[in-house]
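Participant: I would like to see how this sequence folds:
(chains A and B)
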Amino acid sequence: MKRLLFSLTLLGSAWASAQSATPPDAGLGDAAAATAAAAAATTGASSAPAAPVQPKKIDPRLFDSALQDYFTGNPRYAAPKLFEYTENLPSTDENYAWAQFFLAKSLIELNLRHAGAVYLARIARERTNPAVLPKALEELQKLTDLPHDELMIDEQIFGALDLGFLPEEVAGYAHYQQGLVDLRVGNERWATTHFSKLPETSPEASRAKYAMLVTRLRSSKKELPKEMIDEFFELAKDEKLTQDARNDAMLAVARLRYELGDYKGALAAYDLVKLPDLDPGRATLYLEEAWTRYQLGQIHAAMGILTTLDAPSFRDEFQPDKYLLKALVYRDLCHYLPAKRAAKELTRKYADSLEAVREREDLTRDARLLRAASARGGTRRAKRFFDSLEREGENLGRYAGTFGDRLFGYLTRLYDLSRAESLRVYNERLADSVRVEADRLLRSSEQVRLMEYEVGLKLYERVKRGSKLVALIQEEELKDDEVAFKFVNEYWNDELRDYRFSLKSRCIEETAR
Amino acid sequence: MYRPLILLCLLLGAPALAQLEDLENPGTVSAVQQRAYRMQHELNLSVGVLPLDAFYKGLYAQVGYTAHFTDTFAWQIGRAAYSYAAKTGLREQLERDFGVLPTAFDEVQFFFGSDLMWKPFYGKFSVLNRWVLHGEAFFMLGASLFKFTNVWRPGVNVGGGGRVFLNQYVSLRLDVTNNVVIPIGGGSVALTNVMTITLGLGINFGATE
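Facilitator: Below is the predicted model of the structure:
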């Protein structure tokens, strides 16, 4: 009993010494780094209690020297000086927040964006200098264009800012983020309040409209409101949005029209999706367009698009429907053996994944499912953030010499912990996404089995004497202003949307579609 | 003895193999695209060289107009060129060492012409696997009228050329033709060949796309 009490006392004192060993500001608002320091201290506690670190006396000229380094293009020399400055001066010092700001800028310029974001976030939380705050927020906003810590920047900073004092541009972005947070928790009314404060001409206003529409679409369970299509269509023409966002809006139009059975309208919307020159585009776009064309009876064009999906750019895409559609096209042209083969291709290609699903194995270990799940919205963002932390963590090693032990040690701990947290978030999201992909695969596999059965029946169907070939599905003729380049297994990015398949129907009267 | 038989058996298998491939992946695939560039009224500004004559090399500037009736057929309605003759070393030597008079050399001073163009080839090519350029190649058949130093002579020309489209309005065009000049006047009795190599900018007006 005594021994237990003694060890508890030891642990307690170790924790206390860890608290004092933590540099005065290094742990401020950064629980992760503090925990790491405490853990490090705890392990060494049994040998000797750590002495409290006394703040060094800092020459005020250090700040000027650091700024000179920064403005002469030497952020790697500016960073350790600014770190030393912020570590040894109280937060009430007039240059404290500026030192944090330029430390953040230096780190960002050295491609240590996450570390820079941590310092900018700290400025936003501490608010020691009102002059620095808007600048820090502007920098943070810029960082959101790249993979970033969504919890720290979007939710804890922009999602929780007091908006009264901010310049218009930053306030707009903060309103947008706070509206998004409200939407995410299902509070549309509050979100609308935030979004209504956005200037109508701002890009955030358009993005907010898009977010609102998507949320409403998700909540409308059965009936699809038709006016929503027009609203998405308007957004797709909104020049304030990025081309990607406009394309997303146009895809939404196409999908809604498809759901309503307006295949021609859907096809027109797919045609309006603009890709940059020689951009391969997205596999989902092609597959959806192929289904739309199939529904319109343009089966040769649909099959042409499926050729696109075999391009190297999409070889790793998870599109089990592709094989089903291919089988359907061959079946409709009464080429039953190729139809059967196309259907079997799915079970052959995804055999390992299907086996993993049936055996109830850990699906995240299946390479195909993992890749597919990692490409989904939130999981993809989490993966990209984790990868960026990995890269930045490796990049940090280059500055071990110039940064000095304290800054380097601090940043190493910061990156280790952030990486661990981002990996946790990624794994959490992955577990959900991988299940969705596995469901998709299973559904396709079931449909393919049905198809195989149907095609098997057709294969052995008796042909009556005197039956004639009928060509109900006509191939489109080449027009005067068109040119045809025969496909010989060489994919050209500018042709990916233009492949057309040519195959004569072998259907006879009875079995023609 | 058995060798021809074995060879025959092997050859007989080839069509079967081809059929198997066709059975497995029936159908063909083509990329069908709208023609990216179509010509209509073309104003052509070019420079060229007459490289064949041993006594001088003609450097000329040319203006032309071409009407493109379809994507495969066009008529270069008119072209006019003015040539500057750059003497070769041989001619200088003849004049200097052998006292040959400069008037003894018949030089092309300017010429006019008209050509029919047949453009069966249209295609594209990749540049450094980063850009795609479109182009066409064509054949030409036409007639020219040459003004030599002392005499006018007609000629018939055949040739070919190519065009690379820079954008909808501007293209780079290279023509190479050989003119068979008919010996009329000036005491000449033999057919002569005047080759032209022309590089120019084609400016396109009124194309629908």
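Participant: Residue A:244 is in what secondary structure piece?
Facilitator: According to DSSP states H and E, residue A:244 maps onto helix A:243-259.
Participant: Next one: the helix or strand that that helix is followed by, is it in contact with chain B?
Facilitator: Per DSSP H and E, helix A:243-259 leads on to helix A:263-271 as the next helix or strand towards the C-terminus. No - in this structure, helix A:263-271 remains apart from chain B according to Cβ under 8 Å from any Cβ of the partner chain; the gap is never smaller than 12.3 Å. From N, CA and C alone the C-beta is placed, and that goes for glycine too.
Participant: Quick one: list the elements packing against helix A:263-271.
Facilitator: When contacts are defined as 3 or more Cβ pairs under 8 Å, 6 or more residues apart in numbering or on different chains; DSSP states H and E, helix A:263-271 packs onto helix A:243-259, helix A:283-295.
Participant: how about these in TSV, adding distance to residue A:216, mean pLDDT and mean neighbour count?
Facilitator: Shown next, in TSV, are the helices and strands packed on helix A:263-271 (distance: least, Cβ to Cβ, whole Å; pLDDT from 0 to 100; neighbours: other Cβ atoms under 10 Å in any protein chain shown):
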stretch	distance to residue A:216	mean pLDDT	mean neighbour count
helix A:243-259	11	87	20
helix A:283-295	21	91	21
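Participant: got those helices as a markdown table, with distance to chain B columns?
Facilitator: Written out in a markdown table, the entries for those read as follows (distance: least, Cβ to the nearest Cβ, whole Å):
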| stretch | distance to chain B |
| --- | --- |
| helix A:243-259 | 20 |
| helix A:283-295 | 13 |
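Participant: Same list, these, but as TSV with distance to residue A:498 please.
Facilitator: Below are the helices and strands packed on helix A:263-271 laid out as TSV (distance: least, Cβ to Cβ, whole Å):
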stretch	distance to residue A:498
helix A:243-259	18
helix A:283-295	11
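Participant: What's the first helix or strand after the helix or strand encompassing residue A:401?
Facilitator: Assessed by DSSP H and E, residue A:401 sits inside helix A:400-459. Past helix A:400-459, further along toward the C-terminus, the next helix or strand under DSSP H and E is strand A:482-486.
Participant: What strands flank that next one, and is each parallel or antiparallel?
Facilitator: Each strand that pairs with strand A:482-486, with its direction, by DSSP bridges: strand B:28-34 (antiparallel).
Participant: Quick check: buried residues in the strand it pairs with?
Facilitator: B:29-33 (16 or more other Cβ atoms under 10 Å in any protein chain shown).
Participant: Could you look up the SS state of residue B:123?
Facilitator: Classification of residue B:123 by DSSP: H, G, I helix; E, B strand; the rest coil places it in strand.
Participant: any idea of the pLDDT on it?
Facilitator: Looking at residue B:123, its pLDDT stands at 92.
Participant: Enumerate every residue touching it.
Facilitator: With contact taken as Cβ atoms under 8 Å, 6 or more residues apart in numbering or on different chains, residue B:123 is in contact with A:485, B:134-136.
Participant: one more time with 10 Å, if that's ok
Facilitator: For residue B:123, the residues meeting the contact criterion (Cβ atoms under 10 Å, 6 or more residues apart in numbering or on different chains) are A:483, A:485, B:133-137.
Participant: what about it, distance to residue A:485?
Facilitator: When Cβ to Cβ, to the nearest Å is the yardstick, residue B:123 and residue A:485 sit 8 Å from each other.
Participant: got it, and residue A:339?
Facilitator: As defined by Cβ to Cβ, residue A:339 lies at a distance of 27 Å from residue A:485.
Participant: One more: residue A:496?
Facilitator: In this structure, residue A:496 and residue A:485 are 12 Å apart, going by Cβ to Cβ.
Participant: Which stretches in chain B count as strands?
Facilitator: Secondary structure of chain B (DSSP state E): strands at B:28-34, B:41-50, B:56-68, B:73-87, B:108-127, B:131-148, B:152-165, B:170-181, B:192-205.
Participant: Show me what the third one is packed against.
Facilitator: Spelled out, that is strand B:56-68. Contacts of strand B:56-68 with other secondary structure elements, assessed using 3 or more Cβ pairs under 10 Å, 6 or more residues apart in numbering or on different chains; DSSP states H and E, are made with strand B:41-50, strand B:73-87, strand B:108-127, strand B:170-181, strand B:192-205.
Participant: The fourth one now?
Facilitator: If contacts are counted by 3+ Cβ pairs under 10 Å, 6+ apart, strand B:73-87 sits against strand B:41-50, strand B:56-68, helix B:89-97, strand B:108-127, strand B:131-148, strand B:192-205.
Participant: And the longest one, how far out from the chain middle?
Facilitator: Read it as strand B:108-127. Distance, stretch centre to chain centre, for strand B:108-127: 5 Å (Cα atoms, centre = their mean, to the nearest Å).
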